[in-house]
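**Student:** show me how the following folds:
(one chain, ligands or ions: 1)
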Amino acid sequence: MHDQVIEPGEPGAGCPACAPSGELRVALPDAEAITTLGEARAAIDGIDAVLAELLEHRAAVAAVVQRLKPVGGFAGRDPGREREIVEAMAARAPSLGAGRLAPIVNAIIEAGLDAAASRR
Ligand SMILES: O=C(O)C(=O)C[C@]1(C(=O)O)C=C[C@@H](O)C=C1
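**Tutor:** Residues are numbered from 1 along each chain as shown. Coordinates of the predicted model:
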């Protein structure tokens, strides 16, 4: 397990974890090795910074999907696809599982659809 966290940087300071190639590389903190509140919060800040970068890029791609679909936006929601997304994420995040991930995925999808609507 890796023992480094990324530097979250200042908001709007670009993407500290992004390589010039557009790849996002992240050193995952070893939770078991964290012993202080400061270390734990720094690790969370690093993870949240990466989550925010990913969410920003996800929203941009989701906006493209809305333009490509015959019926986009909230009217074109696809519960089957949303279940697939939750199940795929649950396989990678077993301690959360589908039950806890479902409302998170729902919030991410709704935020993406809302942002896509305001891009138009
Ligand atoms: O895959 C789609 O059809 C999308 O519109 C994208 C997306 C998503 O953000 O992942 C958004 C709404 C749908 O309900 C399902 C998935």
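**Student:** in what helix or strand does the closest residue to Ile109 other than its chain neighbours lie?
**Tutor:** Taking CB to CB, 6 or more residues apart in numbering as the measure, Ile109 lies nearest to Glu82, with 6.4 Å between them; neighbours along the chain are not counted. Every residue, glycine included, has its C-beta placed from N, CA and C. Mapping Glu82 onto the secondary structure by DSSP states H and E places it in helix 79-92.
**Student:** ok, now Pro20?
**Tutor:** When elements are defined using DSSP H and E, Pro20 is found to belong to no helix and no strand.
**Student:** try Pro94
**Tutor:** Using DSSP H and E, Pro94 is not contained in any helix or strand.
**Student:** try the one 10 residues further on
**Tutor:** For Ile104, the element it lies in under DSSP H and E is helix 97-119.
**Student:** what's that helix packed up against?
**Tutor:** Other elements packing on helix 97-119 under the criterion 3 or more CB pairs under 8 Å, 6 or more residues apart in numbering; DSSP states H and E are helix 37-68, helix 79-92.
**Student:** and the protein, which of its residues are near the ligand?
**Tutor:** Counting by CB under 6 Å from any ligand atom, the residues of the chain lying close to the ligand are Ala62, Val65, Gln66, Lys69, Gly76, Arg77, Asp78, Arg81, Glu82, Ile85, Ile109, Gly112.
**Student:** so who does Ala40 touch?
**Tutor:** If a contact means CB atoms under 8 Å, 6 or more residues apart in numbering, then Ala40 has Ile34 as its contacts.
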